[in-house]
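*Asks:* Sharing a model prediction with you, sequence too.
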Amino acid sequence: MASYKELPRTAQIRLVSSHQEVYEPCDDSFALVDALLADRNNLLEHHPTLCMEIGCGSGYVITSLALILGQEASGINYIATDINPHAVKVTRETLEAHGVGAELIVTDIASGLEERLTGLVDVMVVNPPYVPTPEDEVGVHGITSSWAGGENGRSVIDRILPVADRLLSEKGWLYMVTLTANNPSEICNQMRKKGYASKIVVQRSTEEESLHIIKFWRDLDKEVNESDQSASGFIGSLFALGPLLSYWRGTTSKQKQQK
Ligand SMILES: C[S@@+](CC[C@H](N)C(=O)[O-])C[C@H]1O[C@@H](n2cnc3c(N)ncnc32)[C@H](O)[C@@H]1O
């Protein structure tokens, strides 16, 4: 068994900066980092050169990823975006407090970056605003944009998926947080039509919700076909496994209560 000293470092909550208009690390952030830790050996063997986070919030996830994988010495560059300028400032402070760095950009998803980054991102991490809300709450300024996901919580997710498809490299991996209400199996089927395989890396349930951290990668050997019933059946069966895989982790953030 690995000793405490051998465990990979992730961002420390006491060093994560904050602002009243920025999403604090919460169950979903922890589940995403746990998924990266669970997949760490594969990530190290993957030898990414460019890692990207869309919607960096406090910087907890991108900082943890940089600590898990290493930085310039290992030839890895990091880039993170957020639509909320306060989030980018807080992320910069969090990265600096941990002695790591990333290029940070205030933008809507990856607007203005697509020409530069198309086909280059080897690892993308996303904890999107996924809570079902009225459509007019999506994209408003400040903290509301952290969770407001519109109908079925899919408004921002459905805009991120095609961007991820364009930015990911041939070997690119996407790790994304989804909620049961987002219909994750339908998201997997949608990505399958774009040529991606998927699997649940972490599932976590509370009394209120069930989170899935899904990993997507290009399944180059599979011919994709809209009537591929075996693929959708497989994805459906993965989600049916939910209760077997789930466990509870306490809620720590005031934002979570607002969800
Ligand atoms: C659920 S929070 C996740 C924050 C952080 N990644 C974490 O896991 O703790 C979602 C983040 O996405 C950002 N966001 C929402 N809509 C966005 C958009 N269209 N483009 C970029 N970022 C967006 C929010 O400002 C917020 O920081």
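*Replies:* Alright, I've got the coordinates. Numbering: from 1, shown residues only.
*Asks:* can you list the residues of the stretch 51-200 of the chain near the ligand?
*Replies:* The stretch 51-200 of the chain comes close to the ligand at residues 54-58, 60-61, 81-84, 87, 108-109, 127-129, 145-147, 156, as judged by C-beta under 6 Å from any ligand atom. Every residue, glycine included, has its C-beta placed from N, CA and C.
*Asks:* Sitting in strands, which of those do you find?
*Replies:* 54, 81-82 (DSSP state E).
*Asks:* from those residues, which single one is nearest residue 28?
*Replies:* residue 54 (14.1 Å; C-beta to C-beta).
*Asks:* For that closest one, the count of nearby residues, please.
*Replies:* 26 (other C-beta atoms under 10 Å).
*Asks:* need the contact list for it.
*Replies:* 80-81, 109-110, 124-126, 128, 160, 163-164 (C-beta atoms under 8 Å, 6 or more residues apart in numbering).
*Asks:* For it, which non-adjacent residue is spatially closest?
*Replies:* residue 126 (4.8 Å; C-beta to C-beta, 6 or more residues apart in numbering).
*Asks:* The one you found pairs with what?
*Replies:* residue 54, residue 176 (DSSP bridges).
*Asks:* show me what contacts residue 128?
*Replies:* Residue 128 touches 54-55, 149, 156-157, 160, 176-177, counting by C-beta under 8 Å, 6+ apart.
*Asks:* returning to that earlier point: may I see the ChimeraX selection of the buried members of the residues of the stretch 51-200 of the chain next to the ligand?
*Replies:* Those of these that count as buried under 16 or more other C-beta atoms under 10 Å are selected in ChimeraX with:
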select :54,55,56,57,58,60,61,81,82,83,84,87,109,127,128,129,145,146,147,156
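*Asks:* of the contacts of residue 54, closest to the ligand?
*Replies:* Proximity of the contacts of residue 54 to the ligand, judged by C-beta to the nearest ligand atom, is greatest for residue 109, which lies at 4.4 Å.
*Asks:* quick one: the closest one and residue 82 touch, right?
*Replies:* No - with contact defined as C-beta atoms under 8 Å, residue 109 does not reach residue 82; the gap is 9.8 Å.
*Asks:* Any idea which helix or strand in the protein has the lowest mean pLDDT?
*Replies:* The helix or strand of the chain with the poorest confidence is helix 242-245; it has a mean of 37 (mean pLDDT, DSSP states H and E).
*Asks:* Please tell me the pLDDT value assigned to the residue nearest to residue 157 when sequence neighbours are not counted.
*Replies:* In this structure, residue 157 finds its nearest non-sequential neighbour in residue 128, 5.1 Å apart by C-beta to C-beta, 6+ apart. Here the pLDDT value assigned to residue 128 is 98.
*Asks:* Repeat that for residue 206.
*Replies:* At residue 206, pLDDT is 77.
*Asks:* Please tell me how far it sits from residue 26.
*Replies:* Applying C-beta to C-beta, to the nearest Å, the value for residue 206 to residue 26 is 11 Å.
*Asks:* if I look at residue 199, how far off is residue 185?
*Replies:* 12 Å.
*Asks:* What of residue 15?
*Replies:* Residue 15 is 37 Å from residue 185, by C-beta to C-beta.
*Asks:* if you count what's nearby, which of the two comes out ahead?
*Replies:* residue 185 (21 against 16).
*Asks:* which SS class is that one?
*Replies:* helix (DSSP: H, G, I helix; E, B strand; the rest coil).
*Asks:* Phi and psi next, for the nearest residue to residue 17 once chain neighbours are set aside.
*Replies:* Distance criterion C-beta to C-beta, 6+ apart; nearest residue to residue 17, sequence neighbours excluded, is residue 93 at 3.7 Å. Taking degrees, to the nearest 10, you get phi -70, psi -40 for the backbone angles of residue 93.
*Asks:* Pull the number of nearby residues for residue 93.
*Replies:* So residue 93, with other C-beta under 10 Å, has 16 neighbours.
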